[in-house]
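J.: would you be able to build a 3D model of this:
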Amino acid sequence: MATTDELINEAQQRMDKSVEHARSEFGTVRTGRASGALLDRIEVEYYGTPTPLKQLATISVPEARMLTIQPFDPSSIKAIEKAIQESDLGLTPSNDGKLIRLPIPQLTEERRKELVKVVRNLAEEHRVAVRDIRRDAMKGLKELVDNGDVGADEEHRAEERVQKLTDEHTKHIDDLLKHKEQEVMEV
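T.: You can find the predicted model right below:
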């Protein structure tokens, strides 16, 4: 039977993962400069299987506004190009048969605002995930009380700890969001 501490520790670990996932998702949203992380969410149809692009190619940043993608298997170049064109990145790849060049144009004001919306949606998804974890933890605490394993006072203290964790993790996501918004809007 789980104890309140075990429930709270599990909730904290799951919330930490949610914050980390938010951080990595934000890294895939484009800013004014080139970064290999932009392509982290791109999946390529490779022999009938959706495969992360970074498993199929070497991604480099030769200059501030250019990414190059060198496929390990030259026959996958068309599929990689197609995946990039169909993504929400709004980038146009060009290839010379061996290498895909991905110029990163200067962001327009309009595109910056669209990207801020994307980032806000990602942040909201992760805040919802943190609240779902809180709900699961509260349900677990309620079961402990119902089974007579924990008294009402201990349940109340544990609920306060879970709420404090939720607030901390939500604030962390908000801080990441604020930082990313500034990065996107920076000209």
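J.: tell me how far the most centrally placed residue in the chain lies from E45.
T.: Computing the C-alpha centroid of the chain and ranking residues by C-alpha atoms, centre = their mean puts E25 first, at 2.2 Å. Note on E25: its distance to E45, by C-beta to C-beta, to the nearest Å, is 22 Å. C-betas here are computed from N, CA, C, even on glycine.
J.: which element is the residue nearest to the centre of the chain on?
T.: Element membership of E25, judged by DSSP states H and E, is helix 4-27.
J.: can you show me the helices along this protein?
T.: Assigned by DSSP state H, the chain shows helices spanning 4-27, 77-86, 109-146, 152-185.
J.: just send those back as CSV, with mean pLDDT and distance to K54 too.
T.: Converted to CSV, those look like this (pLDDT from 0 to 100; distance: least, C-beta to C-beta, whole Å):
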stretch, mean pLDDT, distance to K54
helix 4-27, 92, 12
helix 77-86, 90, 11
helix 109-146, 92, 19
helix 152-185, 93, 21
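J.: with distance to I100 added, can I get those helices in a markdown table?
T.: Below are those laid out as a markdown table (distance: least, C-beta to C-beta, whole Å):
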| stretch | distance to I100 |
| --- | --- |
| helix 4-27 | 21 |
| helix 77-86 | 6 |
| helix 109-146 | 21 |
| helix 152-185 | 24 |
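J.: which of those sits closest to T49?
T.: Nearest to T49 among the helices of the chain is helix 77-86 (10.9 Å), distances taken as C-beta to C-beta.
J.: most distant residue from the middle of the protein?
T.: Residue farthest from the centre of the chain, counting by C-alpha atoms, centre = their mean, is G148 at 39.7 Å.
J.: residues in contact with that one?
T.: Not one residue lies near G148 by C-beta atoms under 8 Å, 6 or more residues apart in numbering.
J.: roughly how far apart are it and E154?
T.: Taking C-beta to C-beta, one finds G148 at 12 Å from E154.
J.: and the helices of the chain: which comes nearest L99?
T.: helix 77-86 (8.6 Å).
J.: in terms of contact count, name the helices or strands touching the closest one.
T.: Applying 3 or more C-beta pairs under 8 Å, 6 or more residues apart in numbering; DSSP states H and E, we find helix 77-86 packed against strand 43-46, strand 66-71, strand 100-103.
J.: tilt between that helix and strand 66-71?
T.: Here the directions of helix 77-86 and strand 66-71 differ by 140 degrees (axes from the mean of the first three to the mean of the last three C-alpha atoms, to 10 degrees).
J.: any figure for the gap between E124 and A22?
T.: 10 Å.
J.: just give me the neighbour total for S76.
T.: Neighbour count of S76, defined by other C-beta atoms under 10 Å: 19.
J.: residues in contact with it?
T.: Counted by C-beta under 8 Å, 6+ apart, S76 has contacts 44, 46, 56-57.
J.: with those residues in mind, which one is nearest to D136?
T.: Looking at these and their distance to D136, the nearest is V44, at 34.6 Å (C-beta to C-beta).
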